[in-house]
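> sharing a sequence plus its predicted fold:
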Amino acid sequence: MSTPPAWSHYLPRLGLYAGVAAVLLLVNVGLPRLLNAYLLQILVFAACNIILASSLNLVNGVAGQFSIGHAGFMAIGAYMSAWVSVAYGKTWLAPYADQPCGPLVVSAYLMGLMLLGGVAAAVGGLVVGLPSLRLRGDYLAIATLGFGEIIKVVLLNVEAVGGATGLKGVPQYSTLFLVFGAAVVTVAALRNIGNSIHGRALLAIREDETAAEALGIDSAHYKTSAFVIGAFFAGVAGCLYAHYTQFIHPRSFDFMKSIELVLIVVLGGGKLRNVAIAAAAVTFLPEGLRQVKDLLHLQTDPRMVIYAAILIAVMLLRRERVLQAVLPRRKEGASRG
Amino acid sequence: MLVLRKVDVHYGPIQALHDVSLEIAEGEIVTLIGANGAGKSTTLRLVSGLVRSTSGEVLFENASLAKVAPHDIVARGIGQVPEGRRVFAGLTVLENLEMGAYLVRGRQRVREALEEVFELFPRLRERRTQRAGTLSGGEQQMLAIGRTLMSRPKLLLLDEPSLGLAPTLVQTIFGVIADIQRRGVTILLVEQNAHMALRVADRGYVLETGRIVLADTAANLEASPEVRAAYLGE
């Protein structure tokens, strides 16, 4: 082993961190003054979608385990953290409301909740990850779909979290700084995982599980870990989402949300950077399309048509990348030689 | 180095190996020959931990492998080249090889292993940025062997390396197998092509419906009338 590098070696990196933090702080202070609440909310949703889609990309894109229940993990994180805030958090934080240190305390509290929501979702990820050891392709997709629906139905029937009326009165603790900070950290963390030996092992499993095992890769461990890590970040996003919208309902995390996330991963072609861009685009697009509807004096919203058209165009133009990223692999699918 | 002692293997009610005993000493090439369904691949799967024996024992360097997980068996120094190559088609040649070094820690050691593989297979060096799926069958076989060698195994398990290759490529692959032995790797070779296998091996075992029916030096087996009749097509 070489000697550890001098501290000055880390300066550029520290500078980068400081720079990112400074930009986020400026965004936090500046944007709320420039933009209206509507645009701010879209920005927050975009950041949440970036977190969700890039974590789904680890499961679907990198590890090749087709999952269509990602919204279920988001729901776990959202409900877990929102319930804590409604039941206890508001009373705990009340004394700090008018103090100068208030925003810091609230931020620290929310970070704790993000962790809590993430861990709760990760436990769910473990529950789904274990069957993934026995199920492949379409069957795994059905299992993850079922999991997402089970979460939704359970939440609909638990009165402690509002049941079918949803959970009201969640305090708005999410700030642009925290939401975008979490998005940056998530993308950076997933990027590092992807480039690490861990990510390479997942890639090998996606390409050919048998060959990966022959190289000494414990595929059961890695497949489960992909689900657990992916679910953790989805739970974090759920927490941020709940603490921005202030009201959550089981239907916010239904099958359509999962499909939207899969769509983003497809559009991103499985590459993290493109997935992040696609996440932002898919959040903004429907808002823009609403304008189109008004402009053309259409009776109905054209956005579903345009969504579908975009998806078909992507499938046709970049078919191989899409297939590679998302579709469950066929056995002997590697006969391209 | 590797000892199988009175091993039975069952797939459900069907017995695939009957009382199989064999031994491989360090530095040897030992070949298993036999017809389809004789139990050759089962023996390899047993050594790499993919199936378990119902009785008898499997010892590697004097330690039992009975309860060792497949990925830990790789870590102990048994590398398997799976049948039918199974390269990662979407990754480049270099990435495939790097995956092979999954268990090797330290950039320097990975680089050394890579250099060694490129010496054995100069073709892979030429094609290192190419996607593995676009290689020819022979090149994919080279890549599969090279990928396994990246983990620096002490014992190399080769399952049908000549499968589906043109005759000249078969010659090349077997030449490399001899080279690998010269570098100090012990090899267990399972092969349909008994002729080539016996030429490169030191000793051989003949399997028939799950039993070892002959065990001798490769030269003696090649000369034996039974083997000539049954496996060398004479």
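Happy to help now that I have it.
> for the record, mean pLDDT for the longest helix seen in chain B?
Criterion DSSP state H: the longest helix present in chain B is helix B:167-182. The average pLDDT for helix B:167-182 rounds to 91.
> do the same with stretch B:68-88
87.
> keeping just the C-alphas, turn it into CSV.
What follows is stretch B:68-88 as a C-alpha-only set of coordinates in CSV (Å, rounded to 0.1, in the frame of the first residue of the first chain):
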residue,chain,number,x,y,z
VAL,B,68,-18.4,-24.5,1.0
ALA,B,69,-20.5,-22.1,-1.1
PRO,B,70,-19.7,-22.0,-4.9
HIS,B,71,-18.3,-18.4,-4.7
ASP,B,72,-16.1,-19.4,-1.8
ILE,B,73,-14.8,-22.4,-3.7
VAL,B,74,-13.7,-19.9,-6.4
ALA,B,75,-11.9,-17.9,-3.7
ARG,B,76,-10.0,-21.0,-2.6
GLY,B,77,-8.4,-21.2,-6.0
ILE,B,78,-10.7,-23.4,-8.2
GLY,B,79,-11.6,-21.5,-11.4
GLN,B,80,-14.2,-22.9,-13.7
VAL,B,81,-14.6,-22.1,-17.4
PRO,B,82,-18.3,-22.8,-17.9
GLU,B,83,-19.5,-24.9,-20.8
GLY,B,84,-20.6,-22.9,-23.8
ARG,B,85,-18.3,-20.0,-22.9
ARG,B,86,-20.9,-17.6,-21.4
VAL,B,87,-18.9,-14.4,-21.9
PHE,B,88,-20.6,-11.1,-21.0
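> what residues sit buried inside it?
For stretch B:68-88, the neighbour count (16 or more other C-beta atoms under 10 Å in any protein chain shown) marks B:68, B:70-71, B:73-74, B:77-83, B:85-88 as buried. For the C-beta atoms, the positions are set from N, CA and C on the backbone; glycine is no exception.
> which SSE is the residue nearest the centre of chain B in?
Nearest to the mean C-alpha position of chain B, counting by C-alpha atoms, centre = their mean, stands B:Leu158 at 1.6 Å. Element membership of B:Leu158 [criterion: DSSP states H and E] is strand B:155-159.
> which helices and strands does that strand pack with?
On a contact count with 3 or more C-beta pairs under 8 Å, 6 or more residues apart in numbering or on different chains; DSSP states H and E, strand B:155-159 meets helix B:40-47, strand B:78-81, helix B:137-149, strand B:186-190.
> what comes up buried for the worst-scoring helix or strand of chain B on mean pLDDT?
Every helix and strand in chain B was compared by mean pLDDT, DSSP states H and E; the lowest is helix B:225-230, with a mean of 82. Counting neighbours by 16+ other C-beta under 10 Å, one finds that the buried residues in helix B:225-230 are B:Val227, B:Ala230.
> related to what we said a few turns ago, okay, the helices and strands packed on strand B:155-159, which one's buried deepest?
strand B:78-81 (a mean of 26; mean count of other C-beta atoms under 10 Å in any protein chain shown).
> does that one reach chain A?
Yes - Strand B:78-81 reaches chain A (C-beta under 8 Å from any C-beta of the partner chain) through B:Gly79, B:Gln80, B:Val81.
> which pLDDT value belongs to A:Gly89?
81.
> sort out which residues of the helix or strand hosting A:Val236 are buried, please.
Assigned by DSSP H and E, A:Val236 belongs to helix A:219-245. By 16+ other C-beta under 10 Å, the buried positions in helix A:219-245 come out as A:219-220, A:222-245.
> next helix or strand past it?
Assigned by DSSP H and E, the successor of helix A:219-245 is helix A:255-268.
> and that following helix, which residues are buried?
A:Lys257, A:Ser258, A:Glu260, A:Leu261, A:Val262, A:Leu263, A:Ile264, A:Val265, A:Val266, A:Leu267, A:Gly268.
> contact partners of stretch B:190-201?
B:29-33, B:36, B:40-41, B:43-44, B:157-163, B:170, B:174, B:177-178, B:189, B:204, B:218-219, B:221-222, B:227, B:231-232 (C-beta atoms under 8 Å, 6 or more residues apart in numbering or on different chains).
> same check on stretch B:48-58?
Residues contacting stretch B:48-58 (C-beta under 8 Å, 6+ apart): A:214, B:2-11, B:17, B:19-21, B:42, B:45-47, B:64-66, B:68-70, B:72-74, B:78, B:80, B:157.
> distance from that stretch to the middle of the chain?
For stretch B:48-58, the separation from the chain centroid amounts to 17 Å (computed by C-alpha atoms, centre = their mean, to the nearest Å).
> ok, now stretch A:261-273?
For stretch A:261-273, the distance to the chain centre is 12 Å (C-alpha atoms, centre = their mean).
> quick check: mean pLDDT across that stretch?
84.
> sorry, back to before: surely the residue nearest to the centre of chain B meets B:Leu188?
Yes - in this structure, B:Leu158 is within contact of B:Leu188 by C-beta atoms under 8 Å, at 7.1 Å.
> anything in contact with each of the two?
Common neighbours of B:Leu158 and B:Leu188 (C-beta under 8 Å, 6+ apart) do not exist.
> check which helix or strand the residue in the stretch 51-200 of chain A that chain B sits nearest to maps to.
Closest residue of the stretch 51-200 of chain A to chain B, C-beta to the nearest C-beta: A:Arg200 (6.2 Å). Per DSSP H and E: A:Arg200 is located in helix A:197-207.
> continuing past that helix, what's the next helix or strand?
helix A:209-214.
> and chain B, is that following helix touching that?
Yes - contact of helix A:209-214 with chain B (C-beta under 8 Å from any C-beta) involves A:Thr210, A:Ala211, A:Ala212, A:Glu213, A:Ala214.
> buried only: go through those residues for me.
The buried subset of these - by 16+ other C-beta under 10 Å - is A:Ala211, A:Ala212, A:Glu213, A:Ala214.
> and the first one, how far is that from A:Ile217?
The gap separating A:Ala211 from A:Ile217 is 9 Å, by C-beta to C-beta, to the nearest Å.
> show me where pLDDT drops low in the chain?
Looking at chain A here, since you left the chain open. Regions of chain A meeting the criterion pLDDT under 70 cover residues A:1-5, A:301-304, A:318-337.
> wait, chain B was what I had in mind.
Across chain B (using pLDDT under 70), the flagged ranges come out as B:233-234.
> give me the domain ranges for it.
B:1-77+B:155-162+B:185-234, B:81-152 (automatic domain parsing).
> include distance to A:Leu26 when you put those into TSV, please.
Shown next, in TSV, are these (distance: least, C-beta to C-beta, whole Å):
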stretch	distance to A:Leu26
domain B:1-77+B:155-162+B:185-234	48
domain B:81-152	39
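> A:Asn49: which of those is closest?
Relative to A:Asn49, the nearest member of the domains of chain B by C-beta to C-beta is domain B:81-152, separated by 26.9 Å.
> just send the buried ones among the residues of helix A:209-214 next to chain B back as a markdown table, with distance to A:Ser55 too.
Formatted as a markdown table, those follow (distance: C-beta to C-beta, whole Å):
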| residue | distance to A:Ser55 |
| --- | --- |
| A:Ala211 | 26 |
| A:Ala212 | 22 |
| A:Glu213 | 25 |
| A:Ala214 | 29 |
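> and of the residues you listed, the nearest to chain B?
Closest to chain B, out of all of those and judged by C-beta to the nearest C-beta, is A:Ala211, at 3.9 Å.
> sec struct for the closest residue in space to that closest one that isn't next to it in sequence, please.
Nearest in space to A:Ala211, with sequence neighbours left out and distances taken as C-beta to C-beta, 6 or more residues apart in numbering or on different chains, is B:Arg86 at 3.9 Å. State at B:Arg86, reduced to three classes by DSSP: H, G, I helix; E, B strand; the rest coil: coil.
> how far does stretch A:152-159 sit from the chain's center?
In this view, stretch A:152-159 has its centroid 22 Å away from the chain centroid, taken as C-alpha atoms, centre = their mean.
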